[in-house]
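[1] coords below, sequence missing:
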């Protein structure tokens, strides 16, 4: 017996049974009766035994009786797999895990997720956020498909595609002596009490590095930074997107000459192809950022 079965030939046999004969089966399958008969004969030859009685208009042989449930099972599994794969390719099903910097999660991801869920109701998404090092590690280990953040150091196992630049400014309480300025230069900050934070490494290779050397305070969590700023005795530096506009008593003041920026990008594992669902989220993110920039 030739063990290679052609699925179309199995469908021919089932159609003869289900439609009540060769003529109706040929019409149902949009085939000619001779083509249908030839396909079934080739299947029987491949199996080494007859499936249909030669006299009896679609009556099964004992061997055929045994084969038919297996044919139905095989075709059912095949068709389910094809449908599942088609659903994934066409974004009707699937799940994607994403991790972003908190500022990206807050500023862009609500719009991205609303668009995603509205346009692709069969897809699921898991959103995580964390500092840049956590983002890189989650991508590296495969816990998520991709991340959106800065990449502080080159990594051979990761790919980084820039999507936006985020300028650093000074953040202080509205009662602070810096608060009335429309913009600042780095030398304007000399002598002021500076709070360093996780993004302060952006300043290490800039004229602001002397400010870092003089700073005596480091705070890692934003909620604690805000509490300290609200005393009006200190300032910190943050990328614009990391500044929470809802903190109405605080001010963000651009710093120029030079402007220091952090580069935000898509982080993926090198050599690993993204799923269709992940590609959809990235596409929606790009559209959201472009729209936001236009506004």
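    Arrived safely. Bear in mind the structure is a predicted one, so any value in this text is a computation, not a measurement.
[2] can we go C-alpha only for contacts and neighbour counts from here?
    Fine.
[3] can you give me the helices in the stretch 101-250 of the chain?
    102-107, 109-119, 132-140, 209-214, 222-229 (DSSP state H, counting those that start in this stretch).
[4] Tell me which of those helices approaches residue 255 most closely.
    helix 209-214 (13.5 Å; C-alpha to C-alpha).
[5] who touches that closest one?
    Residues from elsewhere that reach helix 209-214 (C-alpha atoms under 8 Å, 6 or more residues apart in numbering): 189-190, 194, 196, 200, 203-204.
[6] And stretch 219-239, by the same measure?
    Where contact means C-alpha under 8 Å, 6+ apart, the residues beyond stretch 219-239 that reach it are 166-176, 192-200, 249-250, 261-262.
[7] about what we covered before: wait, which of the contacts of helix 209-214 is closest to residue 147?
    For the contacts of helix 209-214, the nearest to residue 147 is residue 200 (20.9 Å; C-alpha to C-alpha).
[8] Would you mind measuring from the nearest residue to the closest one once chain neighbours are set aside to residue 78?
    Spatial nearest neighbour of residue 200, chain neighbours left out: residue 237 (7.0 Å); criterion: C-alpha to C-alpha, 6 or more residues apart in numbering. Using C-alpha to C-alpha, to the nearest Å, we find residue 237 at a distance of 58 Å from residue 78.
[9] Of the two, give the one with the bigger neighbour count.
    residue 237 (25 against 13; other C-alpha atoms under 10 Å).
[10] how far away is residue 111 from residue 285?
    8 Å.
[11] Between the two, point out the one with more neighbours.
    Neighbours were counted for residue 111 and for residue 285 using other C-alpha under 10 Å; residue 285 has more, 22 against 16.
[12] just checking, the more buried one touches residue 110?
    No: counting by C-alpha atoms under 8 Å, residue 285 stays clear of residue 110, with 10.1 Å between them.
[13] Please identify which of the contacts of helix 209-214 is nearest to residue 53.
    Of those, the one sitting nearest to residue 53 (C-alpha to C-alpha) turns out to be residue 200, at 83.0 Å.
[14] Now do the contacts for that closest one.
    212, 237-238.
[15] Return the member of these nearest to residue 147.
    Residue 147 lies nearest to residue 238 out of those, by C-alpha to C-alpha, at 20.4 Å.
[16] helix/strand/coil for residue 44?
    On the three-state scheme (DSSP: H, G, I helix; E, B strand; the rest coil), residue 44 is labelled helix.
[17] same deal with residue 96?
    strand.
[18] Could you double-check that it lies in contact with residue 144?
    Yes: assessed by C-alpha under 8 Å, residue 96 is found in contact with residue 144 at 7.5 Å.
[19] one step back: okay, and which of the contacts of stretch 219-239 map to strands?
    Among these, DSSP state E puts 166-173, 194-196, 250, 261-262 in strands.
[20] Pick out whichever of those residues sits closest to residue 152.
    Using C-alpha to C-alpha, residue 262 is the member of the ones in strands among the contacts of stretch 219-239 that lies nearest residue 152, at 9.5 Å.
[21] any idea how far the nearest residue to the closest one once chain neighbours are set aside is from residue 223?
    Leaving aside its sequence neighbours, residue 262 sits nearest to residue 166 (C-alpha to C-alpha, 6+ apart; 5.2 Å). Note on residue 166: its distance to residue 223, by C-alpha to C-alpha, is 21 Å.
[22] what's the neighbour count on residue 41?
    Applying other C-alpha under 10 Å, we find 18 residues neighbouring residue 41.
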